[in-house]
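Student: okay, predicted coordinates and the sequence, questions at the end:
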Amino acid sequence: MLLGRVIGTVWATQKDEKLEGLRLLIVRAVDLELKPLSNFVIAVDTVSAGVGELVLVAQGSSARQTQETHNKPVDAVIMAIVENLNYDTIENLMREYQGREQDVSERINRVAET
Amino acid sequence: MLLGRVIGTVWATQKDEKLEGLRLLIVRAVDLELKPLSNFVIAVDTVSAGVGELVLVAQGSSARQTQETHNKPVDAVIMAIVENLNYDTIENLMREYQGREQDVSERINRVAET
Amino acid sequence: MLLGRVIGTVWATQKDEKLEGLRLLIVRAVDLELKPLSNFVIAVDTVSAGVGELVLVAQGSSARQTQETHNKPVDAVIMAIVENLNYDTIENLMREYQGREQDVSERINRVAET
Amino acid sequence: MLLGRVIGTVWATQKDEKLEGLRLLIVRAVDLELKPLSNFVIAVDTVSAGVGELVLVAQGSSARQTQETHNKPVDAVIMAIVENLNYDTIENLMREYQGREQDVSERINRVAET
Amino acid sequence: MLLGRVIGTVWATQKDEKLEGLRLLIVRAVDLELKPLSNFVIAVDTVSAGVGELVLVAQGSSARQTQETHNKPVDAVIMAIVENLNYDTIENLMREYQGREQDVSERINRVAET
């Protein structure tokens, strides 16, 4: 899923009848530091997300797997409001694991140098 | 969904028979300032969108969830004409929320600095 | 759909049996000036497109909505040969509409400057 | 479909039970000069492709339209081994067609200069 | 499928009811040298992947082909933990094959120089 922040709303009266009553929100993608990225998507809200909230967006046919969007011409849906985000960088994780006896899963048998 | 502007029309006589009678429009993607982006898509119109109008495009299998495009080899459909667009920047939103008691949803527990 | 030009053919004898008899063409994406872009796709032809012809390609599950590709491991299909392409730039369209009384659909209420 | 070259293999014992017995190969995308591109994909092999072979990869739901991958969490499948690739550049094709009486399909009525 | 490393976890209480009980992990894409790439995805874990582990992610509708994600608004699923990765560069593979009598599959008949 895409991590993003709700930054606005879109109104459209002339639309496919199946879209009646759906809330169309503007979600700006963010990186793990929560800084805005260049891409954004217009998504249907199904979890009462507010402007400013950090959300997850499911895209493609998965966007139609909610009650509100079933069989509708919708390819992006807000399906969760993020409460907490906890991560580490790959560099730190590798240092932490390097010391351990069982190498994380990196028995890389590279046949040849790139 | 993709935010874009209708900028033209495509005609094709030699085509899959299922496409008969469908209007094929050229939609240039735009940013939130409504400035044109580099990508464009050819989409089937289902809401009588005119050249110059700001529209939403649903892509992938979701493009087949309208009466006109059901079970047809179409992967992009214009399903709404945008009447109004209202948004704020993430920076402003964060400043606005920072003052509030309950932090929007950013209890970021980063295990380690990037 | 993707706008592109047929520039060649691919032959494969060792393939999924469902692909038997299908024509695999190389389609280079083009911009609206019909200049070649960097990306290309291998697509199944269903409209007897010839090398050099300007075509539309439907991708993803929509590529399986033709008689020849139904239920086959195919994610790109040529479904139309473009006969005519007619467009204007967004800048010109906006100038043309600016004069008109009813602004095209751009009552943009931006809450704040980016 | 994606044109690529098989460059390696992935082993995974802890996996969804439906993946049992499937061969996971690393396919590096190539351009039409067969030079490696930056992107690569892990795909299920269904045509006994060997390392070094030039192949076609179908992605998305189309990857599940083979006997081995039906209803499985697989979004990329090798469905053909390329035997022969024959193409021309758009520039050459246009020069060749320019001489011809019937312009290929480019009656481009551009309403205005970009 | 996408090759990536699990680097963290996302918590969301306000979400589509179908997501109850699903583990949402942050997967950073990596290259074949296992170096982090810029893109990351939030995926549902179905194989008890731990933070730091190298995994495969299936996206799109294929993400819904597991017991845990069936018919749910989920477009990315971790479906395998990578134990071993074995590859060669295209340059080495070509040198190795060049010596062989049967050219791998590169009887490239380019009609004209690019």
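Tutor: Perfect, thanks for sending it.
Student: low-confidence ranges, chain A, go.
Tutor: Chain A contains residues with pLDDT under 70 at A:96-114.
Student: can you pull out the strands in chain A?
Tutor: Taking DSSP state E, the strands of chain A run over residues A:2-11, A:24-30, A:36-45, A:54-59, A:76-81, A:84-87, A:107-108.
Student: please report how far A:Ile81 lies from chain D.
Tutor: According to Cβ to the nearest Cβ, to the nearest Å, A:Ile81 stands 26 Å off from chain D. For glycine as for every other residue, the C-beta is placed from the backbone atoms N, C-alpha and C.
Student: contacting residues for the nearest residue to that residue once chain neighbours are set aside?
Tutor: Spatial nearest neighbour of A:Ile81, chain neighbours left out: E:Gln14 (4.2 Å); criterion: Cβ to Cβ, 6 or more residues apart in numbering or on different chains. E:Gln14 is in contact with A:Val47, A:Ser48, A:Ala80, A:Ile81, A:Glu83, counting by Cβ atoms under 8 Å, 6 or more residues apart in numbering or on different chains.
Student: okay, the strands of chain A in JSON lines with distance to D:Gly52 and mean neighbour count next?
Tutor: Shown next, in JSON lines, are the strands of chain A (distance: least, Cβ to Cβ, whole Å; neighbours: other Cβ atoms under 10 Å in any protein chain shown):
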{"stretch": "strand A:2-11", "distance to D:Gly52": "36", "mean neighbour count": "22"}
{"stretch": "strand A:24-30", "distance to D:Gly52": "37", "mean neighbour count": "21"}
{"stretch": "strand A:36-45", "distance to D:Gly52": "36", "mean neighbour count": "19"}
{"stretch": "strand A:54-59", "distance to D:Gly52": "35", "mean neighbour count": "26"}
{"stretch": "strand A:76-81", "distance to D:Gly52": "40", "mean neighbour count": "27"}
{"stretch": "strand A:84-87", "distance to D:Gly52": "38", "mean neighbour count": "20"}
{"stretch": "strand A:107-108", "distance to D:Gly52": "19", "mean neighbour count": "14"}
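Student: skipping adjacent residues, who's closest to the residue of chain A found nearest chain B in space?
Tutor: When scored by Cβ to the nearest Cβ, chain A has A:Gly8 as its residue closest to chain B, at 2.5 Å. Sequence neighbours aside, B:Tyr87 is the residue nearest to A:Gly8 in space, at 2.5 Å (criterion: Cβ to Cβ, 6+ apart).
Student: hang on, that neighbour packs against A:Leu24?
Tutor: No: using Cβ atoms under 8 Å, B:Tyr87 is not in contact with A:Leu24; the gap is 11.7 Å.
Student: mind listing the shared neighbours of the two?
Tutor: A:Thr9.
Student: surely the residue of chain A closest to chain B and B:Thr89 touch.
Tutor: No: the criterion here is Cβ under 8 Å, and A:Gly8 misses it with B:Thr89 at 9.6 Å.
Student: return every residue with contacts to both of these two.
Tutor: With Cβ under 8 Å, 6+ apart as the test, A:Gly8 and B:Thr89 reach no residue in common.
Student: burial count for A:Arg95?
Tutor: By the criterion of other Cβ atoms under 10 Å in any protein chain shown, A:Arg95 has 11 neighbours.
Student: how about the contacts made by the nearest residue to A:His70 once chain neighbours are set aside?
Tutor: Distance criterion Cβ to Cβ, 6+ apart; nearest residue to A:His70, sequence neighbours excluded, is A:Arg64 at 5.9 Å. Applying Cβ under 8 Å, 6+ apart to A:Arg64 gives the contacts A:His70, A:Asn71, A:Lys72, A:Val74, A:Val77, B:Ser62, B:Gln65.
Student: are any of those buried, and if so which?
Tutor: A:Lys72, A:Val74, A:Val77, B:Ser62, B:Gln65 (16 or more other Cβ atoms under 10 Å in any protein chain shown).
Student: need the max-distance pair from those.
Tutor: The span of the buried ones among the contacts of A:Arg64, defined through Cβ to Cβ, is set by A:Val77 and B:Gln65 at 13.0 Å.
Student: from chain C, how far out is the residue nearest to A:His70?
Tutor: According to Cβ to the nearest Cβ, A:Arg64 stands 12 Å off from chain C.
Student: with A:Thr69 instead?
Tutor: From A:Thr69 to chain C the distance is 17 Å (Cβ to the nearest Cβ).
Student: number of residues surrounding that residue?
Tutor: With other Cβ under 10 Å as criterion, A:Thr69 counts 26.
Student: ok, it - contacts?
Tutor: Counting by Cβ under 8 Å, 6+ apart, A:Thr69 has contacts A:Leu22, A:Val44, A:Thr46, A:Ala63, A:Val77.
Student: 7 Å - rerun?
Tutor: By Cβ atoms under 7 Å, 6 or more residues apart in numbering or on different chains, the residues touching A:Thr69 are A:Val44, A:Thr46, A:Ala63, A:Val77.
Student: wait, isn't the second one in contact with A:Val77?
Tutor: Yes: A:Thr46 lies in contact with A:Val77 (Cβ atoms under 7 Å); the separation is 5.7 Å.
Student: within reach of chain E, which of the buried ones among the contacts of A:Arg64 are there?
Tutor: A:Val77 (Cβ under 7 Å from any Cβ of the partner chain).
Student: now, among the buried ones among the contacts of A:Arg64, which is nearest to chain D?
Tutor: Among the buried ones among the contacts of A:Arg64, and counting by Cβ to the nearest Cβ, the member closest to chain D is B:Ser62, at 12.5 Å.
Student: re the thing from before, and the gap between the residue nearest to A:Gly8 and B:Leu32?
Tutor: 6 Å (Cβ to Cβ, to the nearest Å).
Student: okay, and the common contacts of the two?
Tutor: What both B:Tyr87 and B:Leu32 touch, as defined by Cβ under 7 Å, 6+ apart, is the set A:Ile26.
Student: one step back: ok, now how distant is the residue nearest to A:His70 from chain D?
Tutor: 13 Å.
Student: do the same with A:Leu22
Tutor: 24 Å.
Student: ok, so what distance separates that residue from E:Pro73?
Tutor: Taken as Cβ to Cβ, the span from A:Leu22 to E:Pro73 is 14 Å.
Student: next one: A:Gln14
Tutor: Distance of A:Gln14 to E:Pro73, given as Cβ to Cβ: 27 Å.
Student: A:Val57 now?
Tutor: Taking Cβ to Cβ, one finds A:Val57 at 10 Å from E:Pro73.
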